[in-house]
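Trainee: Fold the following and give me the result.
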Amino acid sequence: MLGDAIIAFFSNFGYIGMLVALFCIFIMDSMFFPMVPEFFLLVIYSTNPSFEWGAVLILIAAIAIFSGNTLLYIIVKKFGLPHFIQKLMKKYSGMMIAQDEKMLLINRIAPVLPYTGAFIAVNNWSYKKSIAYILAGGIAKFSFLVMLSGFFYTIFEKGIAQRATFCLIIITIVLGIFLSYIRKRKIYGKGIER
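Mentor: Coordinates of the predicted model:
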């Protein structure tokens, strides 16, 4: 897995390396392909399960989300996309539960909208509102996961806390996939009816 390779490489540089690894993973997730960044956030958090470390990781994740989405937005606004891709993206957006920036907040719970920076540009959504929703949703989700993992480390001994955090990671991934699947079924069902 690419994320594992990134962490393995940068972990040689200590905590700073771990922060760079997390930043790279979140940028790649924002701009290129889904990488389940929540998994890597919790893996890196488990190396030093403290409030301070968790806060720094959430800050780095927020900066990376902002940077990746903004950069993709600027690229698509400046250079555009082929007409047929824009048409497909607009049609796909039109089938969402919310056809505006609010979809970006919902997307944190049920991820069905990849390349959000490109969708913001193609749909001419408000950049400021979109970024605010992306950041608010991301910070809320990551804070919840880090706090829950930190809670495990507070009440359990380290080995049990690591297993509980691993279970939290698996549940997060499975729940995200399940909600995404349900949402896509509704979207495609809606599209067929039209």
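Trainee: where do the helices sit along the protein?
Mentor: With helices called from DSSP state H, the chain shows them at 2-10, 14-31, 37-45, 51-79, 83-94, 102-106, 116-122, 127-155, 158-193.
Trainee: List the contacts of the closest residue to residue 135 other than its chain neighbours.
Mentor: In space, and not counting its chain neighbours, residue 135 is closest to residue 62: 5.8 Å by Cβ to Cβ, 6 or more residues apart in numbering. In short, each C-beta sits where N, CA and C put it, glycine included. Neighbour list for residue 62: 135, 138, 139, 142 [criterion: Cβ atoms under 8 Å, 6 or more residues apart in numbering].
Trainee: make it 10 Å
Mentor: By Cβ atoms under 10 Å, 6 or more residues apart in numbering, the contact list for residue 62 reads 26, 134, 135, 136, 138, 139, 142, 143.
Trainee: could you flag which of the residues you listed are buried?
Mentor: Neighbour-count burial (16 or more other Cβ atoms under 10 Å) is assigned, among those, to 26, 134, 135, 138, 139, 142.
Trainee: From what I see, the third one and residue 69 are in contact.
Mentor: If I follow you right, that is residue 135. Yes - under the contact definition of Cβ atoms under 10 Å, residue 135 touches residue 69, with a separation of 9.0 Å.
Trainee: Quickly list what's touching both of these two.
Mentor: Any residue near both residue 135 and residue 69 by Cβ under 10 Å, 6+ apart counts here, and that gives residue 104.
Trainee: Nearest residue to the middle of this structure?
Mentor: Compute the mean C-alpha point of the chain, and by Cα atoms, centre = their mean the closest residue is residue 37, 5.8 Å away.
Trainee: correct me, but that residue touches residue 108?
Mentor: No - at 11.4 Å, residue 37 does not count as touching residue 108 under the criterion of Cβ under 10 Å.
Trainee: Which neighbours do these two have in common?
Mentor: 65, 138, 142.
Trainee: Just the closest of the residues you listed to residue 96, please.
Mentor: Sorting the shared contacts of residue 37 and residue 108 by distance to residue 96 puts residue 138 at the head of the list, at 18.4 Å, by Cβ to Cβ.
Trainee: quick one on the thing from earlier: can you tell me which two in the contacts of residue 62 are farthest apart?
Mentor: The most widely separated members of those, counting by Cβ to Cβ, are 26 and 136 (15.8 Å).
Trainee: Looking at the shared contacts of residue 37 and residue 108, which is nearest residue 44?
Mentor: Distance to residue 44 across these (Cβ to Cβ) is lowest for residue 142, with 11.4 Å.
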